[in-house]
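Asks: Predicted model and sequence follow; I will ask about them next.
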Amino acid sequence: MVEKFDKEKIAESQIRLVHIPGEQMLADPMIKGLPVAVFKNHVSHMGIAFNL
């Protein structure tokens, strides 16, 4: 939810909101069950070592 303060800052171009598709959200491997290929892609971008 965007609060009044946030809306003002957006209107003043001091901040901007960027939509990130779910496939690109790096927290997903920690909170969701993902297909192995998607999991490996996320983890490699996070710099975490893993063994499956």
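Replies: In hand now; what should we look at? Residues are numbered from 1 along each chain as shown.
Asks: helices and strands of this protein: which one bottoms out on pLDDT?
Replies: When the helices and strands of the chain are scored by mean pLDDT, DSSP states H and E, helix 28-31 comes last with a mean of 76.
Asks: Could you export that helix as PDB, CA atoms only?
Replies: Extracted in PDB, the C-alpha atoms of helix 28-31 (Å, rounded to 0.1, in the frame of the first residue of the first chain):
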ATOM      1  CA  ASP A  28      11.400 -16.600  -3.600                       C
ATOM      2  CA  PRO A  29      13.700 -19.600  -2.900                       C
ATOM      3  CA  MET A  30      13.500 -18.900   0.800                       C
ATOM      4  CA  ILE A  31       9.700 -18.700   1.000                       C
END
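Asks: Tell me which residues of that helix come out buried.
Replies: Residues of helix 28-31 classed as buried by neighbour count (16 or more other Cβ atoms under 10 Å): Pro29. C-beta: built from backbone N, CA, C; applies to glycine.
Asks: If we go by neighbour counts, what in the next helix or strand after that helix is buried?
Replies: Counting by DSSP states H and E, the next helix or strand C-terminal to helix 28-31 is helix 36-46. Of all the residues in helix 36-46, those buried under the rule 16+ other Cβ under 10 Å are Phe39, His42, Val43.
Asks: All good on my end, thank you.
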